[in-house]
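>>> heads up, no residue letters with this:
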């Protein structure tokens, strides 16, 4: 994959065209920019030596009609060497990318059936650029689009939810803009570049570039509708809910003045009639178990808006200002699965971002980019109930939401400054990435208190509910709650936890990164990539961020059909604002966290109760996570548009952050003796974790068949650690790591993915996007705190031979305590998930299709989870509970929506 810096983000629109006589050919379109990534307006583009056009303000050019077959294209501009290219009509790609070099560098490249790919040390098999027709096949809804892109980025080996999504070259994660405003998308660019912090298998990267304004007015009106009769019943619901979605909006772009400035606007609104499905085991008034299944309305109202203006300040300087806004409101958030309706809350959030970008082309070989972004974010949550929450392990959760009446406000400044220098042999990029976050939160988590019924040892009761002297048994959390509800022996809750004090958390976090990246062309078929990055931050203080990178690419054959590459590099982690806010939330001074074991239900701090306090702190020697990753891979191009690629990654992680209770009780009794202060849990975030990874990727691509184009790939991920990739993850015991080294929650071993488009008769086009993942790991726990360290994540043990209390499971005979050897972490596996999205589209031409912006009317029918596959998200993991080893929550069933779009 080629490196295109953000200055080329203007790219993928039709530009100036000369008068054409009617013909039966196809259009040829492209973009011209220099080796630094800066666009080149006014370049002369000649087709077959006869027809000439000039590239527009965004570097774009367009020939309205070129006969089928191969053509010669010549591109030239002042101070640059001319470039000759072989092209085919119809185009196999959405747009040609033409890169001009300074006058002393002459290149000639064939682009067509006989050509190969230029050697590129930044290449890797998981990289993709999505534009044009491929972009149109993706989902229109921003949430669905985000999910599809996250799943594509997961080909690097990371969890889809860890994907970083950026907009217009800025480094901070951003909400997904409306699809109508997107020019092109880069999925997993060179993840070994020093420009990026995040390692490949710790989360992919998606870079979204939005469209510039146009030299003539252009716009569109669009709407989609999904009605209840079109959608399938949710998998765990016993009745069909009134599911639906309405989406509508517009886009408009054009010139502000005749030359030198332009604008682009979009506005989109969505009304989503969604439902959360409750699937829990509860008790009636007499203490009898009953299954509780309900559809709970969870409607959403969402607004998205973008505005962008661009100015050509001079022949070598462009300035762009853009605004992005997201305002959302949701109801009954948090409800579903075992969480009953009263645990929900209504949430309102906003995200307003102002971005300023200035690009100066100092010379044909030097470009300067300066970016500044100001981002205001906020969220206000109002719980349905403020009563204490009741958590009955493996059965149900009721009472108020633990987050309470939470308010979070943040302000972020991002300032990036880059210089790109291009010579005959080098492409050098030097830059700094500065970020400042001001956090002002009201964190009311657990201020309402939480009762936990996890089960454990209790007296055996006779038929009248009286304890039998000298006899005990292990009971479930649901039985424990039944006894509390009916006033029977053994009905004390496992624990009560709450927080008191002031909820106000306020701090400023500063991060900065300096980097240098050089692409060195040693020979035409041999390229070296070298980079160095240094990262630091203030809270928590981390300064061990020096990470060198190295890559090499070699094409052993003259036609460059084969491309082999290798990379190695160090990577560092970071501590986000959420990490530091959590450290502050339980600081033990402004907010006091208290736990009472075996409290009286309804009177947890009554006579005789012993309170255990907990505080969080960072180790005084806290460092950043450090990864070393190496990679081998290659690509082979075959005739007629076929290519295959493969990549293998190896990784080792140390200084991995996790949390240990460094003052846990020595005898497994919460009130027992401790190394330090009595009755105090000190939850210290430190670097005691480790990890390793092995990732293999394989992909096959076809992009030249007339009616069918597709991509299919698979990735196998073997990623294990003892931290679950979470700063606040705690092992079940602070004294041993037995069984802790395991895959992460949600990280399936295999992922399959593919997309394609098929042109059907009557100008219909069918596209599909497929994502599948093998069973995701989940943890098996006892439901209570076996060792009194304040963490309710203890795992069962293997039963001693002949133990009458042993519970048969697919993992063996297990007991919650008193056995031999702990069950390893995350041994459970959910079923395979399969997401298949499809889109059937038909475009009607209302005016001359060879015009710059022809009028068109497009209708489409889109379906998500077309196969209506049961995509399980939650399986009961509490040993012996009513839902143990049973799925109880899943992603949506089939959703269908119909859309219309008028463009002019």
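Looks like it arrived, so ask away. The model shown is predicted, which means the values in this text are computed figures rather than measured ones.
>>> which stretches of the stretch 201-350 of the chain form strands?
Ranges of strands within the stretch 201-350 of the chain are 205-210, 218-226, 244-255, 261-273, 275-283, 289-297, 300-314, 317-333, 345-363, based on DSSP state E, counting those that start in this stretch.
>>> okay, these in a markdown table with mean pLDDT and mean neighbour count next?
For the C-beta atoms, the positions are set from N, CA and C on the backbone; glycine is no exception. Converted to a markdown table, the strands of the stretch 201-350 of the chain look like this (pLDDT from 0 to 100; neighbours: other C-beta atoms under 10 Å):
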| stretch | mean pLDDT | mean neighbour count |
| --- | --- | --- |
| strand 205-210 | 90 | 24 |
| strand 218-226 | 95 | 18 |
| strand 244-255 | 94 | 18 |
| strand 261-273 | 94 | 19 |
| strand 275-283 | 97 | 22 |
| strand 289-297 | 97 | 15 |
| strand 300-314 | 92 | 18 |
| strand 317-333 | 95 | 19 |
| strand 345-363 | 94 | 18 |
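>>> so which of these gets nearest residue 720?
strand 205-210 (22.8 Å; C-beta to C-beta).
>>> Can you list the strands that the closest one pairs with?
When pairs are called by DSSP bridges, strand 205-210 turns out to pair with strand 164-167 (parallel), strand 182-187 (antiparallel).
>>> so where's the chain shaky on pLDDT?
For the chain, applying pLDDT under 70 flags the ranges 1-25, 35-39, 57-58, 78-79, 92-94, 101-125, 850, 852.
>>> what domains does the record give for it?
According to automatic domain parsing, the chain comprises the domains 6-110, 128-210, 218-454+494-903.
>>> Quick check: the gap between the residue nearest to the spatial centre of the chain and residue 200.
When the chain is reduced to its mean C-alpha position, the closest residue under C-alpha atoms, centre = their mean turns out to be residue 163, at 3.0 Å. For residue 163, the distance to residue 200 (C-beta to C-beta, to the nearest Å) stands at 12 Å.
>>> Equivalent analysis for residue 372, please.
Residue 372 sits 29 Å away from residue 200, taking C-beta to C-beta as the criterion.
>>> what does residue 835 give?
Residue 835 sits at a distance of 22 Å from residue 200 (criterion: C-beta to C-beta).
>>> re earlier: just checking, the residue nearest to the centre of the chain touches residue 208?
No - between residue 163 and residue 208 there is no contact under C-beta atoms under 8 Å: 11.7 Å.
>>> Give me the secondary structure label for residue 902.
The three-state assignment at residue 902 reads strand, by DSSP: H, G, I helix; E, B strand; the rest coil.
>>> Make TSV from the strands paired with strand 205-210 and add distance to residue 847 and mean neighbour count to it.
Compiled in TSV, the strands paired with strand 205-210 are given as follows (distance: least, C-beta to C-beta, whole Å; neighbours: other C-beta atoms under 10 Å):
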stretch	distance to residue 847	mean neighbour count
strand 164-167	32	21
strand 182-187	23	22
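>>> would JSON lines of those with distance to residue 465 be doable?
Below are the strands paired with strand 205-210 laid out as JSON lines (distance: least, C-beta to C-beta, whole Å):
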{"stretch": "strand 164-167", "distance to residue 465": "56"}
{"stretch": "strand 182-187", "distance to residue 465": "61"}
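>>> To residue 770, which of those lies closest?
When these are compared by C-beta to C-beta, strand 182-187 sits nearest residue 770, at 15.4 Å.
>>> and the closest one with strand 261-273, angle?
70 degrees (axes from the mean of the first three to the mean of the last three C-alpha atoms, to 10 degrees).
>>> Which one, of the strands paired with strand 205-210, ends up nearest to residue 582?
Comparing the strands paired with strand 205-210 by their distance to residue 582 (C-beta to C-beta), the top pick is strand 164-167, with 20.6 Å.
>>> Just the element for the nearest residue to residue 437 once chain neighbours are set aside, please.
Excluding the flanking residues, the one nearest residue 437 by C-beta to C-beta, 6 or more residues apart in numbering is residue 509, at 4.5 Å. Assigned by DSSP states H and E, residue 509 belongs to strand 504-523.
>>> C-terminal to that strand, what's the next element?
Downstream of strand 504-523, the next assigned helix or strand under DSSP H and E is strand 526-537.
>>> on contacts alone, who are the packing partners of that following strand?
strand 504-523, strand 542-554, strand 562-572 (3 or more C-beta pairs under 8 Å, 6 or more residues apart in numbering; DSSP states H and E).
>>> how far does it sit from the chain's center?
Strand 526-537 has its C-alpha centroid displaced from the chain centroid by 24 Å (C-alpha atoms, centre = their mean, to the nearest Å).
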